[in-house]
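>>> A structural model of the following input is requested.
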Amino acid sequence: MTLSTSAIKTGLQYFTAALLCALFGAVYELFSHSVFSYYMLYAFMIPLVGGALLFFLMGYFQWKIPGKVSRSLWQFGIAALTVGCLLQGVLEIYGTTNRLMIVYWVTGGAFLIGGAAAYFTGSRRRIEQRIKRSGILTLEQYYGEKLQMLRNGQQYLSDMIAEYPVKKTADGIQPILYINSRIKAPESLIPKLQKKGLQADCDTALRKIHDIIGVRVICSFGEEVYRVAEWISNRDHVEVIERKDYIAYPKPNGYRSLHLIVKFTEKGMEQITAEIQIRTIAHDFWAVLEHQMKYKKSVEHETVIKSELKRCADEIASLDVSMQTIRELLREWESHK
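Sure thing, here's the model as predicted:
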């Protein structure tokens, strides 16, 4: 994984400042008859840890680089604390002190807090302003440079599942009928983040939302759903971190599907997770229509409609069981021929 140019440049600037502080402290202590002050060490560590190391980590883990406001506030905070430590070190070496030194600590701390606050709130504000201006964000606008990584993960999962070894069962049934995939659109993702009380930026979404990449696998029968899920669980480069069986334990509205939350283990893609939904074609028919209808606003007789949808889901589940029973009867008949 390579560091961004901006992260390298900023990190090296802080690293240079840390070296200069270390050199100043060493020279000053040398001419002060080896009198030592820990504040000279602090003056070296503050830009090293709070600046150089922080920005190198941002680049390595591909965190969002601060904007101008947050970066300037953070730099002022680091500078104030560093200068304060140098002056306090000089005073300590001379065996004196000054009550005005607290100004540096308070000012530096205030700037750091302001920089951190601007960093964590800036992305959400920019996104909300852009939505307000244009009404919608494209995938490219929202995900930025992370979009290609998401598309690679989406394609990898689709290709992996397409390699399911059983193309037709012994009774001539195709286990997997088709596979759909998508990357969650910003207009769907942002309200989900806001509902959870989270920032609406891409980095927060990647850390907190597990279904940005969504893959739907449609099977012929219920038993094939579990076989496909077991096969996916044993694949390389992906790890199942959560399993939700809504077939065995349906949602109150009647929804039935098997969900797998997976994360990628391949280097460079460790921060990506995806949701794989596996269900029968009968339940997919119900789920697609229910998903479309539940977003209708100001629907009359909403309670009745929900009740009817639940009844339809139960009937479809019964249909799945009946079709599975017929399949087993045919298998038994074939075995006795």
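>>> report pLDDT for residue 54.
Per-residue confidence at residue 54 stands at 88 (pLDDT).
>>> list the residues that contact it.
Shown in contact with residue 54 (Cβ atoms under 8 Å, 6 or more residues apart in numbering): 11, 14. Placement of C-beta: from N, CA and C, glycine included.
>>> buried set for the helix or strand hosting it?
According to DSSP states H and E, residue 54 maps onto helix 54-60. For helix 54-60, the neighbour count (16 or more other Cβ atoms under 10 Å) marks 54-56, 58-59 as buried.
>>> using CSV, list the CA coordinates for that helix.
Presented in CSV, the C-alpha positions along helix 54-60 are these (Å, rounded to 0.1, in the frame of the first residue of the first chain):
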residue,chain,number,x,y,z
LEU,A,54,-0.1,10.6,12.5
PHE,A,55,0.1,11.6,8.8
PHE,A,56,2.1,8.6,7.9
LEU,A,57,-0.7,6.4,9.4
MET,A,58,-3.3,8.4,7.6
GLY,A,59,-1.6,7.7,4.3
TYR,A,60,-1.0,4.0,5.1
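>>> mind checking pLDDT for residue 147?
For residue 147, the model assigns a pLDDT of 91.
>>> wait, it sits on residue 140?
Yes. Using Cβ atoms under 8 Å, residue 147 is in contact with residue 140, at 6.0 Å.
>>> between those two, which one's more packed in?
residue 147 (16 against 10; other Cβ atoms under 10 Å).
>>> for residue 179, helix, strand, or coil?
Classification of residue 179 using DSSP: H, G, I helix; E, B strand; the rest coil returns strand.
>>> could you pull out the strands for the stretch 151-300 of the chain?
For the stretch 151-300 of the chain, strands defined by DSSP state E, counting those that start in this stretch occupy the ranges 176-183, 213-219, 238-245, 258-264, 273-280.
>>> any weak-confidence spans in the stretch 1-150 of the chain?
Within the stretch 1-150 of the chain, the segments meeting pLDDT under 70 span 1-5, 33-34, 62, 64-65, 121-136.
>>> which parts of the stretch 1-150 of the chain are helices?
Using DSSP state H, counting those that start in this stretch, the helices of the stretch 1-150 of the chain run over 5-30, 38-47, 54-60, 68-93, 102-134, 139-143, 146-162.
>>> can I get those helices in JSON lines with distance to residue 169?
What follows is the helices of the stretch 1-150 of the chain, written out as JSON lines (distance: least, Cβ to Cβ, whole Å):
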{"stretch": "helix 5-30", "distance to residue 169": "52"}
{"stretch": "helix 38-47", "distance to residue 169": "65"}
{"stretch": "helix 54-60", "distance to residue 169": "47"}
{"stretch": "helix 68-93", "distance to residue 169": "58"}
{"stretch": "helix 102-134", "distance to residue 169": "48"}
{"stretch": "helix 139-143", "distance to residue 169": "38"}
{"stretch": "helix 146-162", "distance to residue 169": "17"}
